[in-house]
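next comes the sequence, and after it the predicted model I'd like to discuss.
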Amino acid sequence: MTTLKSKLHDDLTAAIKARDELRSSTLRLTLSAVAYEETAGKVARELSDDEVLTVITREAKKRREAADAFDKGGRAESAQRELAEGEVLAEYLPKQLSDEELAAIVAEAVAEATAGGAEGPKALGAVMKIVKPKVAGRAEGGRVAAAVKAALAG
């Protein structure tokens, strides 16, 4: 079992013993998503820590989107629950990059891509290819794309 997955299991056990309903249900759902990912496809396999992190990131994004939907639908209590679950999952994710840190990485990548001859619309793809591995797991794709577009425009 990977270290991140075993940490989720240990934290689930602790949450159940502490009778922390929010934490235990959130971790159960996350472990269920990990188990589903492991059995998806033709052959069952053990996920690596990076793959488990990807599943946790996906689950956290679902919580944010659901909270927005509940908020727009006038269901504040449900939105609060989704946000609280998102905060539980955020504890397992790497620290997110600040806007300044992301802008610095993007500026460096833009310089590298333009030195490589990328111009116009093609530059977006070239810059994203450089930036994505540097920010993996520490910034959402939409946020990265917006920063790249802003850097290329200005």
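Received the coordinates, thanks. No experiment lies behind these values; they were computed from the predicted model shown.

which residue ranges of the protein form helices?
Secondary structure of the chain (DSSP state H): helices located at 3-17, 21-39, 49-72, 76-90, 99-115, 120-135, 141-153.

make CSV from these and add mean pLDDT and mean neighbour count to it.
C-beta here means a position set from N, CA and C on the backbone, and glycine is covered the same way. Shown next, in CSV, are the helices of the chain (pLDDT from 0 to 100; neighbours: other C-beta atoms under 10 Å):
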stretch, mean pLDDT, mean neighbour count
helix 3-17, 93, 15
helix 21-39, 94, 16
helix 49-72, 91, 17
helix 76-90, 93, 16
helix 99-115, 82, 16
helix 120-135, 79, 16
helix 141-153, 81, 16
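
residues in contact with Ile56?
For Ile56, the contact set (C-beta atoms under 8 Å, 6 or more residues apart in numbering) comprises Leu4, Thr30, Leu89, Tyr92, Leu93.

just put those in TSV and tack on distance to Ala151.
Converted to TSV, these look like this (distance: C-beta to C-beta, whole Å):
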residue	distance to Ala151
Leu4	33
Thr30	34
Leu89	30
Tyr92	30
Leu93	25
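
tell me the contacts of Ala151?
Contacts of Ala151 by C-beta under 8 Å, 6+ apart are Ala103, Val106, Ala107, Val110, Val127.

distance of the residue lying closest to the fourth one once chain neighbours are set aside relative to Val106?
It stands for Val110. Leaving aside its sequence neighbours, Val110 sits nearest to Ala151 (C-beta to C-beta, 6 or more residues apart in numbering; 5.0 Å). Counting by C-beta to C-beta, to the nearest Å, the gap from Ala151 to Val106 is 5 Å.

spit out the residues that contact the two alike.
Counting by C-beta under 8 Å, 6+ apart, the common neighbours of Ala151 and Val106 are Val127.

now the residue nearest the centre of the chain: how far from Leu29?
The centroid of the chain falls nearest to Thr57 when counting by C-alpha atoms, centre = their mean (3.0 Å). Distance of Thr57 to Leu29, given as C-beta to C-beta: 14 Å.

can you list phi and psi of Lys95 for me?
phi -60, psi 130 (degrees, to the nearest 10).

what sits against the residue nearest to it when sequence neighbours are not counted?
Leaving aside its sequence neighbours, Lys95 sits nearest to Arg138 (C-beta to C-beta, 6+ apart; 6.9 Å). Contact partners of Arg138, counting by C-beta under 8 Å, 6+ apart, are Pro94, Lys95, Gln96, Leu97.
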